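> Below are the sequence and a predicted model for it; my questions follow.
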Amino acid sequence: MSTSVPITVRVNVASPYNVLVGSGLLQTLGTRVREALPHARRVFIIADDACSQWTQLAIASLQAAQFHVENTHFIASEENKTNDTAHHLLLQVTRAKLERNDAIIALGGGLIGDVAGFVAATYRRGIAWVQCPTTLLSMVDASVGGKTGVNLLVDDELQKNMVGAFHQPALVLADVLTLATLNDRAFASGCAEIIKHAMIAQSVPKPDATLTLESLQASLPTLRSNPAAIAKLVAQNVALKACVVERDERELKSDGGRALLNLGHTFAHAIETIETAQANTQSTPGLQHGEAVALGLIAATHCAAALNLVSPTYCDDVRATITAANLPTRVHGLPPTADLITRMHADKKTIAGTLRIIAPTGKGTAQVITNPPLAALEAGWNAIR
């Protein structure tokens, strides 16, 4: 297995770290963890149940670098993203006798990173952790920024990421060769976050004029067959997210900042709580996170159009880009709009009971909208039914 020279993106937060993107990087994991954490002796891998091939490669590399390695795995599902799972993992980490200088390694998609990072943030009041994302979605979004957490089931209603912590990784290693094992649906799911980034690329501290809906409409349909192009696009998206996180690490700015990265997510998180939701591209209920985000982007854009922030033509451009990525544009099985809006109020961006959403305002720009009118929210939901 050949290894490419990685593209390095520096994330300059309170505890800075590097994001390495390239091909064949997992076989160098041991050396790179040793460089980032010279005092670590033991590492504990928390992996996706579907990543056994990559787990074995990671273990071999870490052992070659003289680490004592233990590992576990679980099925990555929202139902397993719970305090009970975190508690079980904490028991295993404790039995593995990890100390303050040791590290946890997350190997899998965004859900694995959320849970493993939360375990690292809470074990001994916080130890180092390393992200090894193996899905496109986690590479371009979830692995960078230090958000960790688990879901809560409140009165039989799933509330996403309600328990968690900001805990930045010590290193992110994104090996794009792992994407070869993804099915087409999972790969497309990651494209939703790339599209989201294009929709805010001019509102970030370091605008990226090359990441546009037009460029993605041309590149996404053939992206999967070009690992070098994937690595370049992943690094481009990581750099965009990094510059946002650097200016607002804990999402405290009320007028944008890191909150812009939640474009489409207030709608998406509401959709994800509905077991009967079925994408128009699938024959059975159940949506992946990126599919819900794609639908949320369409809903947010139509909500913005109802507020005269964007044109109907821009709504068409967003829908066309999502279609080019083989993502859903409609969803069946939704409850009445009033129920959906109630679910939206459970979103973490809600302040003092007031709903806040992120809405596009033009090509590559977006802003926070506080207490959007009911008619605008209805227009958003109607656009994806």
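Great, that's in hand. Since the model is a prediction, treat every value here as computed from it, not as a measurement. Residues are numbered from 1 along each chain as shown.
> Please spell out which residues along the helix or strand hosting Ala218 are buried.
Assigned by DSSP states H and E, Ala218 belongs to helix 213-219. Judged by neighbour count (16 or more other C-beta atoms under 10 Å), helix 213-219 contains these buried residues: Leu213, Leu216, Gln217, Ser219. For glycine as for every other residue, the C-beta is placed from the backbone atoms N, C-alpha and C.
> repeat for stretch 33-52
33-34, 36-37, 40, 42-48, 50-51.
> Check stretch 368-379 too.
By neighbour count with 16+ other C-beta under 10 Å, stretch 368-379 contains the buried residues Val368, Ile369, Pro372, Ala376, Leu377, Glu378, Ala379.
> Surely the third one and His302 touch.
No - taking contacts as C-beta atoms under 8 Å, Pro372 lies outside contact range of His302: 11.8 Å.
> on that earlier part again, could you export the helix holding Ala218 as PDB, CA atoms only?
Extracted as PDB, the C-alpha positions of helix 213-219 are listed here (Å, rounded to 0.1, in the frame of the first residue of the first chain):
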ATOM      1  CA  LEU A 213     -22.200  25.200  -6.100                       C
ATOM      2  CA  GLU A 214     -21.200  25.500  -9.700                       C
ATOM      3  CA  SER A 215     -17.800  23.800  -9.200                       C
ATOM      4  CA  LEU A 216     -19.400  21.100  -7.200                       C
ATOM      5  CA  GLN A 217     -22.100  20.400  -9.700                       C
ATOM      6  CA  ALA A 218     -19.300  19.700 -12.200                       C
ATOM      7  CA  SER A 219     -16.900  17.700  -9.800                       C
END
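> on contacts alone, who are the packing partners of that helix?
For helix 213-219, the packing partners by 3 or more C-beta pairs under 8 Å, 6 or more residues apart in numbering; DSSP states H and E come out as helix 184-200, helix 312-324.
> now with 10 Å?
Judged by 3 or more C-beta pairs under 10 Å, 6 or more residues apart in numbering; DSSP states H and E, helix 213-219 is in contact with helix 184-200, helix 227-247, helix 312-324.
> Tell me which of the ones you listed sits most buried.
helix 184-200 (a mean of 25; mean count of other C-beta atoms under 10 Å).
> Quick check: mean pLDDT of it?
The predicted model assigns helix 184-200 a mean pLDDT of 97.
> Please state the offset of that helix from the chain centre?
10 Å (C-alpha atoms, centre = their mean, to the nearest Å).
> Name the SS class of the residue of the chain most remote from its centre, please.
Ranked by distance from the centre of the chain (C-alpha atoms, centre = their mean), the top residue is Gln66, with 31.5 Å. The three-state assignment at Gln66 reads coil, by DSSP: H, G, I helix; E, B strand; the rest coil.
> what's it in contact with, if anything?
Counting by C-beta atoms under 10 Å, 6 or more residues apart in numbering, Gln66 makes contact with Gly30, Arg34, Arg41.
> Asn80 too?
Contact analysis of Asn80 by C-beta under 10 Å, 6+ apart lists Asp49, Phe74, His88, Leu111, Ile112, Val115, Val150, Asn151.
> which strand in this structure runs the most residues?
strand 157-166 (DSSP state E).
> For it, C-alpha coordinates in CSV please.
Provided in CSV are the C-alpha atoms of strand 157-166 (Å, rounded to 0.1, in the frame of the first residue of the first chain):
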residue,chain,number,x,y,z
GLU,A,157,-38.0,11.7,22.1
LEU,A,158,-34.4,11.5,20.8
GLN,A,159,-32.5,14.8,21.4
LYS,A,160,-29.2,14.8,19.6
ASN,A,161,-25.9,15.7,21.2
MET,A,162,-27.5,17.1,24.3
VAL,A,163,-24.6,15.8,26.5
GLY,A,164,-21.1,16.5,25.5
ALA,A,165,-18.0,18.7,25.7
PHE,A,166,-15.6,20.7,23.5
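> as a whole number, average confidence for that strand?
Averaged across strand 157-166, the pLDDT comes to 90.
> what's the closest of the helices and strands packed on helix 213-219 to Ile358?
Closest to Ile358 of those is helix 184-200 (C-beta to C-beta; 8.0 Å).
> what's the angle between the closest one and helix 227-247?
50 degrees (axes from the mean of the first three to the mean of the last three C-alpha atoms, to 10 degrees).
> quick one, helix 184-200 and helix 312-324 angle?
150 degrees.
> which ones among the buried residues of stretch 368-379 are found in strands?
Taking DSSP E as the definition of strands, the buried residues of stretch 368-379 contribute Val368, Ile369.
> Pick the one among the buried residues of stretch 368-379 closest to Val93.
Among these, Val368 lies closest to Val93 (C-beta to C-beta), at 37.7 Å.
> follow-up on the earlier one: of all the buried residues of helix 213-219, which comes closest to Asn226?
Ser219 (8.9 Å).
> pLDDT score for the closest residue to Leu26 other than its chain neighbours?
Spatial nearest neighbour of Leu26, excluding adjacent residues (C-beta to C-beta, 6 or more residues apart in numbering): Asp175 at 4.6 Å. Looking at Asp175, its pLDDT stands at 98.
> Surely Asp175 and Thr135 touch.
No - between Asp175 and Thr135 there is no contact under C-beta atoms under 10 Å: 11.5 Å.
> Just the helices from the stretch 51-200 of the chain, written as ranges.
Counting by DSSP state H, counting those that start in this stretch, the stretch 51-200 of the chain has helices at residues 52-64, 83-95, 110-122, 136-137, 184-200.
> Against which helices or strands is the second one packed?
Spelled out, it's helix 83-95. Using 3+ C-beta pairs under 10 Å, 6+ apart, helix 83-95 sits against strand 42-48, strand 68-74, helix 110-122, strand 147-154, strand 157-166.
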